[in-house]
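1. I would like the atomic coordinates for the input below:
(chains A and B)
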Amino acid sequence: MVENPTEASADSPVVKWSRNDYTRVPLWLYHDQKIYEAEQERVFRGPVWSYVALEVEIPNPGDFITTYVGDTPVIVNRDKDGAVRAMVNRCAHRGATVRRELRGNALEHVCIYHRWCYNLDGSLRGLPFRKGLKGKGGMSPEFEIGQHGMRPLRVAVHAGVVFVSFREDCEPLEEYLGPKVASHLKRIFHRPVRILGYQRQRIRGNWKLYLENPRDMYHASLLHEFMSTFGINRFTHEGGLKMDDRHRHMIAWSRQGTDDETEFVELFKTNRVHESKMKLHDASILKCYREFEDGVTLSICSVFPNLVVHQIDNSLATRQVRTVDKDEFELYWTLFGYADDSEEMTHHRLLQANMVGAAGLVSMEDAEAIEIVHRASAGDPDGCTIVEMGGGGPIRETDFHINDVACRGFWSYYAELMGIEPEGAVR
Amino acid sequence: MSSTSIEKAADELMATYADCIDDGRFEDWLELFTEDASYKVVARDNHDRGLPATMVLCTNKNMIRDRIAALRGATKYNFHYDRHVVGQLRVRPRSDSDGEWELRASYAVFQTSHEGRSFLFSVGRYDDRLRMEGDRLLFCEKTVVVDTFAIPGMLATPL
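-> Numbers count the residues shown, from 1 in each chain, chains lettered A, B, ... in the order given. The predicted structure is shown next:
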């Protein structure tokens, strides 16, 4: 594999940070084509682990799915020996998409253009007319089949969640996740899961805005009025923010029912937020079965650079960020329950899926928020965002909701990978 | 009811359905459903694979009421106009249930921003069931199977 240095170098983009703790972030970083191209190389194909699938999606040898890491097309499949393997979904010959289906089962991957045929580890098995026809034509005798596979990726599986990396020098997955995120994934995926379905959503904004969105904990009660009105997640709940040591991943958590309804209503009144008069005619959507011993009823875990795992009451899903271009990304939602869920529980999870996804009662606003930021910020090359809720300086975990500290964690690791850290940068 | 008069009534119902949404009269739209009606929006991909997840799942009219209440009073979404174009309706009596009809039709929904820019937001089909209540034909089941299941932005107003 090609080793791409990510340290600041002559070809690193020049970014002038006005502060070294990422409390100010230049708006043009969302809108620059060169930055986007550098991100594909240094972030998505850099020394990170990207989420690609759940193991349960490819249970049998030959099962495959096609996906993306950043904007690079990828095949994830289970090899004949049972191992999960992944490779760039691009023919070594002419660069065509080899596997065009979204999913399936196959013993080999064959490009339709000239029938180049690949094994499930991405290596080239053969190609028609390699020796030509009747002694004429064919590939050069020096052409080595072993040198021309689809580009293989490193694969690691943690708690049934499949990650890939383009780089050999990336730290082992569990070290990359850190103990808190690693154990959080084990908590969510503590028993076999069952896929309930998928949602796809195209958001016209830069992908980094979606990485910041869950890291900015304090937007939840303000933007998602349904969420605060019905006590799914509020400032006033017990809750807070956990991060790995490098502050690249985060877990926002909350325990519903730990606040005082009248105190909450009063707080929103005095802070001039909103006074909701909405009442539900059918409150079954609000029922929250306590599934975890820690009593946490909401957890949003974001793993750098492309994964969110959510538990919102009994709705469970992964969200994969797939970049389209600098102005658009796709969110790929995988909704799941547990394999041993009762019929009632499955129905309840499906009912609570009303809250999430493109039509989600507590999530549709995120698309609008991101699109309005992207639209208005495009015209301000000198402007910057303010990331100062919870204070500046060192990046630290919190035991309260009103903060966006993890956004600074995102920027600090992002800047390190991109080779654009300010002098004396906090990490 | 004869099949000709049912077809006429179904035409009228579907035209009213589209008008109510396109005019932003969601409370009137609500009254086109029976009290036990379901309203579902499903991605064609999930639907064809038999995966149960939906984008919108209302299993009774109260849940449809709550969707509209949320739209009016809680959720924030893009300012836009909707415009439904509904293709030919096919109405058939249901073999397994007396007094109910099946309706199938293709739809296209264009969105226009409040600054006047239009684009194709969604295409798909309706797989519905209809029933007479008194002298009114109503939806007792509405399933929107969405071809455009990579939703542009968000799905807020009904399809």
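2. would you map the helices across chain B?
-> Applying DSSP state H to chain B gives helices spanning B:3-22, B:26-30, B:44-49, B:61-73.
3. hmm, who's touching the first one?
-> Among residues not part of helix B:3-22, those counted as contacts by C-beta atoms under 8 Å, 6 or more residues apart in numbering or on different chains are B:1, B:25-26, B:28-29, B:32, B:81-84, B:86, B:89, B:91, B:93, B:101, B:103, B:105, B:126, B:130, B:137-139, B:157-159. From N, CA and C alone the C-beta is placed, and that goes for glycine too.
4. same check on the shortest one?
-> For helix B:26-30, contacts defined as C-beta under 8 Å, 6+ apart pick out B:Tyr17, B:Cys20, B:Ile21, B:Lys61, B:Ile64, B:Arg65, B:Ile68, B:Leu71, B:Arg72, B:Thr157, B:Pro158.
5. nearest residue to the fifth one other than its sequence neighbours?
-> Take B:Ile64 and drop its neighbours on the chain: the residue closest to it by C-beta to C-beta, 6 or more residues apart in numbering or on different chains is B:Cys58, 4.5 Å away.
6. mind listing the residues bridging to the one you found?
-> B:Tyr39 (DSSP bridges).
7. so which of the helices of chain B is nearest A:Gln33?
-> helix B:44-49 (31.6 Å; C-beta to C-beta).
8. what's the local residue count around the closest residue to A:Arg408 other than its chain neighbours?
-> Nearest residue to A:Arg408, sequence neighbours excluded (C-beta to C-beta, 6+ apart): A:Tyr22, at 4.1 Å. Neighbour count of A:Tyr22, defined by other C-beta atoms under 10 Å in any protein chain shown: 26.
9. hmm, A:Tyr22 is touching A:Val387, no?
-> Yes - using C-beta atoms under 8 Å, A:Tyr22 is in contact with A:Val387, at 6.1 Å.
10. need the overlap of contacts for these two.
-> A:Cys407, A:Arg408, A:Trp411.
11. what separates the residue nearest to A:Arg408 from chain B, distance-wise?
-> 27 Å (C-beta to the nearest C-beta, to the nearest Å).
12. Three-state assignment for that residue, please.
-> Three-state assignment for A:Tyr22 (DSSP: H, G, I helix; E, B strand; the rest coil): coil.
13. what residues are up against it?
-> Contacts of A:Tyr22 (C-beta under 8 Å, 6+ apart): A:Val387, A:Cys407, A:Arg408, A:Trp411, A:Ser412, A:Ala415, A:Ala425, A:Val426.
14. and with 10 Å instead?
-> Contacts for A:Tyr22 (C-beta atoms under 10 Å, 6 or more residues apart in numbering or on different chains) come out as A:247, A:385, A:387-388, A:392, A:395, A:405, A:407-412, A:414-415, A:421-422, A:425-426.
15. re earlier: which residues are in contact with the residue nearest to B:Ile64?
-> By C-beta under 10 Å, 6+ apart, the contact list for B:Cys58 reads A:282, A:285, A:351, A:354, B:33, B:37-41, B:64-68, B:142, B:158.
16. same check on B:Phe121?
-> B:80, B:82-83, B:108-112, B:148, B:151-153, B:155, B:157, B:159.
17. re earlier: looking at the contacts of A:Tyr22, which are in helices?
-> If you go by DSSP H, these have A:Val405, A:Cys407, A:Arg408, A:Gly409, A:Phe410, A:Trp411, A:Ser412, A:Tyr414, A:Ala415 in helices.
18. any idea which of the residues you listed is closest to chain B?
-> Proximity of these to chain B (C-beta to the nearest C-beta) peaks at A:Cys407, which lies at 20.8 Å.
19. these two touch, right, the closest one and A:Arg248?
-> No - applying C-beta atoms under 10 Å, one finds A:Cys407 not in contact with A:Arg248, separated by 11.7 Å.
20. quickly list what's touching both of those two.
-> By the contact definition C-beta under 10 Å, 6+ apart, A:Cys407 and A:Arg248 are jointly contacted by A:Leu211.
21. which of the contacts of helix B:26-30 are buried?
-> In those, burial by neighbour count holds for B:Tyr17, B:Cys20, B:Ile21, B:Lys61, B:Ile64, B:Arg65, B:Ile68, B:Leu71, B:Thr157, B:Pro158, counting by 16 or more other C-beta atoms under 10 Å in any protein chain shown.
22. which residue is the nearest non-sequential neighbour of A:Gln256?
-> A:Thr297 (4.4 Å).
23. just give me the neighbour total for that neighbour.
-> Neighbours of A:Thr297 using other C-beta under 10 Å come to 25.
24. next one: B:Asp127
-> Using other C-beta under 10 Å, B:Asp127 has 17 other residues around it.
25. just A:Val98 next, same as before
-> Count around A:Val98 with other C-beta under 10 Å applied: 25.
26. interface residues of the stretch 301-427 of chain A facing chain B?
-> Neighbours of chain B within the stretch 301-427 of chain A, by C-beta under 10 Å from any C-beta of the partner chain: A:317, A:328, A:330-337, A:346-347, A:349-354, A:356-372.
27. put the buried members of those residues into a PyMOL selection.
-> The buried residues among these can be selected in PyMOL (16+ other C-beta under 10 Å) with this line:
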select buried, chain A and resi 317+328+330+331+332+333+334+335+336+337+347+349+350+351+352+353+354+356+357+358+359+360+361+362+363+364+365+366+367+368+369+370+371
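28. in helices only, show me the residues of the stretch 301-427 of chain A next to chain B.
-> Counting by DSSP H, these place A:346-347, A:349-352, A:364-372 in helices.
29. name the SS class of the residue of chain A found nearest chain B, please.
-> Closest residue of chain A to chain B, C-beta to the nearest C-beta: A:Gly197 (2.5 Å). Following three-state DSSP, we place A:Gly197 in the strand state.
30. what is the neighbour count of the residue lying closest to it once chain neighbours are set aside?
-> Sequence neighbours aside, B:Ala53 is the residue nearest to A:Gly197 in space, at 2.5 Å (criterion: C-beta to C-beta, 6+ apart). Using other C-beta under 10 Å, B:Ala53 has 24 other residues around it.
31. surely B:Ala53 and A:Leu316 touch.
-> No - the criterion here is C-beta under 10 Å, and B:Ala53 misses it with A:Leu316 at 11.2 Å.
32. what is the mean pLDDT for stretch A:401-408?
-> Here stretch A:401-408 scores 94 as its mean pLDDT.
33. now the longest strand along chain B: buried residues?
-> Of all segments of type strand in chain B, defined using DSSP state E, the longest is strand B:118-133. Judged by neighbour count (16+ other C-beta under 10 Å), strand B:118-133 contains these buried residues: B:Phe121, B:Ser122, B:Gly124, B:Arg125, B:Tyr126, B:Asp127, B:Asp128, B:Arg129, B:Leu130, B:Arg131, B:Met132.
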